[in-house]
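1. What would the 3D arrangement of this be:
(one chain, ligands or ions: 1)
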Amino acid sequence: MNANERVIVALDVPDLESAIAFVDKLPQVTFWKVGLELFTSTGPRILEILKSRQKRIFLDLKFHDIPNTVAGACRAAASYGVDLLTIHSTNGKDALKAAVEAVQVGAEKAGTKPPKLIAITLLTSISTRQLAFDLKIPLELPEFALQMALLAQESGLDGAVCSAQEVGQLRESCGNDFLLVCPGVRPTWAEKADQKRSLSPSQAILAGADYLVIGRPITAAAEPELAWNQIVEEIKTLS
Ligand SMILES: O=c1ccn([C@@H]2O[C@H](COP(=O)(O)O)[C@@H](O)[C@H]2O)c(=O)[nH]1
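-> Numbering: from 1, shown residues only. Next comes the predicted model:
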């Protein structure tokens with residue numbers, strides 16, 4: 001994979017007009033992430049627009065509900081012909097298995113390719129302290145993230161979303177066929193903002209990430225194209 005194909009840009013903007021303006025401003029970006037803010041605002045219209053421009057799409061809706069509801073949502077989402085789709089590992093095994101089946105059914109019914117279904121292990125905005133004291137999870141953070149990835153793998157999912165700080169351990173345990181996608185990645189020149197567990201683009205790739213998800217360091221930059229180029233150049237130095 002080329003360096004530029006490994007970076008998924010998070011299109012976290014409030015409306016269709018701003019989304020189209022960004023996609024047109026950065027024609028070199030081949031993979032866009034549509035998340036809760038934009039999808040709630042525009043519905044599937046943004047997906048149609050990205051597809052008409054031959055872009056790959058990560059639909060990051062992070063489903064979290066009972067098995068029947070999660071399966072219904074996955075069936076519907078799979079009909080859009082997106083490339084990646086997220087649900088939380090903490091849905092539990094029954095919901096994860098139901099989701100795996102649902103994306104196949106939804107895609108087949110729509111005559112499209114099923115998305116790769118990937119599970120959120122632990123949001124990159126959660127710190128070790130928050131995991132222990134707010135969420136009361138009695139496991140070390142890397143161990144919790146690993147267990148959530150293994151649960152997703154055992155349930156038949158294609159991969160997981162994890163912080164770059166844990167990706168090395170997950171890669172070692174889950175193997176090379178398990179897709180690992182890392183958000184919260186920060187070049188040294190970018191602000192971390194609400195991200196608590198980040199590494200730089202080159203560190204994340206070296207540790208074993210397949211894809212990096214990067215939003216504000218590009219979309220909130222004074223010169224988004226320059227920011228994109230710097231990130232891609234950093235990754236290219238590895239090859
Ligand atoms: O654990 C997670 C899961 C998803 N995200 C999403 O990735 C982007 C990151 O955007 P930045 O602006 O680069 O922080 C955002 O859309 C999140 O919803 C995540 O950050 N962490």
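2. So what's the residue count around residue 3?
-> 17 (other C-beta atoms under 10 Å). C-beta coordinates here come from the backbone N, C-alpha and C atoms, glycine included.
3. go on, residue 198?
-> Neighbour tally, residue 198, other C-beta under 10 Å: 20.
4. For the ligand, see how far away it is.
-> 8 Å (C-beta to the nearest ligand atom, to the nearest Å).
5. check contacts around that residue.
-> Residues counted as contacts of residue 198 (C-beta atoms under 8 Å, 6 or more residues apart in numbering) are 124, 163, 164, 165, 184, 185, 186, 192.
6. Run through the neighbouring helices and strands of the longest strand along the chain.
-> Under DSSP state E, the strand in the chain containing the largest number of residues is strand 56-63. With contacts taken as 3 or more C-beta pairs under 8 Å, 6 or more residues apart in numbering; DSSP states H and E, strand 56-63 sits against strand 7-10, strand 31-34, helix 36-42, helix 45-52, helix 67-78, strand 84-88.
7. list the helices and strands the fifth one packs on?
-> In this case it means helix 67-78. strand 56-63, strand 84-88, helix 93-110.
8. among those, which is the most enclosed?
-> strand 84-88 (a mean of 25; mean count of other C-beta atoms under 10 Å).
9. Mind listing the strands that strand pairs with, and their directions?
-> Applying DSSP bridges, strand 84-88 is found paired with strand 56-63 (parallel), strand 116-120 (parallel).
10. Next up, the contacts around the residue in the chain that the ligand sits nearest to.
-> Residue of the chain nearest the ligand, by C-beta to the nearest ligand atom: residue 215 (2.7 Å). The neighbourhood of residue 215, defined by C-beta under 8 Å, 6+ apart, consists of 9, 10, 11, 12, 33, 183.
11. I'd guessed the first one sits against residue 216; true?
-> It refers to residue 9. No. Using C-beta atoms under 8 Å, residue 9 is not in contact with residue 216; the gap is 10.2 Å.
12. which one of those two has more residues nearby?
-> residue 9 (26 against 17).
13. Give me the nearest residue to that one, chain neighbours excluded.
-> Setting aside the residues directly before and after it, residue 9 is nearest to residue 29 in space (C-beta to C-beta, 6 or more residues apart in numbering), at 5.0 Å.
14. how about the helices and strands packed on helix 67-78, which one is nearest residue 50?
-> For the helices and strands packed on helix 67-78, the distance to residue 50 is smallest for strand 56-63, at 5.3 Å, taking C-beta to C-beta.
15. Endpoint to endpoint, stretch 4-19 covers what distance?
-> Stretch 4-19 has an end-to-end distance of 20 Å (C-alpha to C-alpha, to the nearest Å).
16. In that stretch, which residues are buried?
-> 4, 6, 7, 8, 9, 10, 11, 12, 13, 19 (16 or more other C-beta atoms under 10 Å).
17. Which residue, other than its chain neighbours, is closest to the second one?
-> In this structure, residue 6 finds its nearest non-sequential neighbour in residue 211, 5.6 Å apart by C-beta to C-beta, 6+ apart.
18. Give me every residue in this protein lying close to the ligand.
-> 10, 12, 33, 35, 60, 120, 123-124, 161, 183-184, 195, 213-216 (C-beta under 6 Å from any ligand atom).
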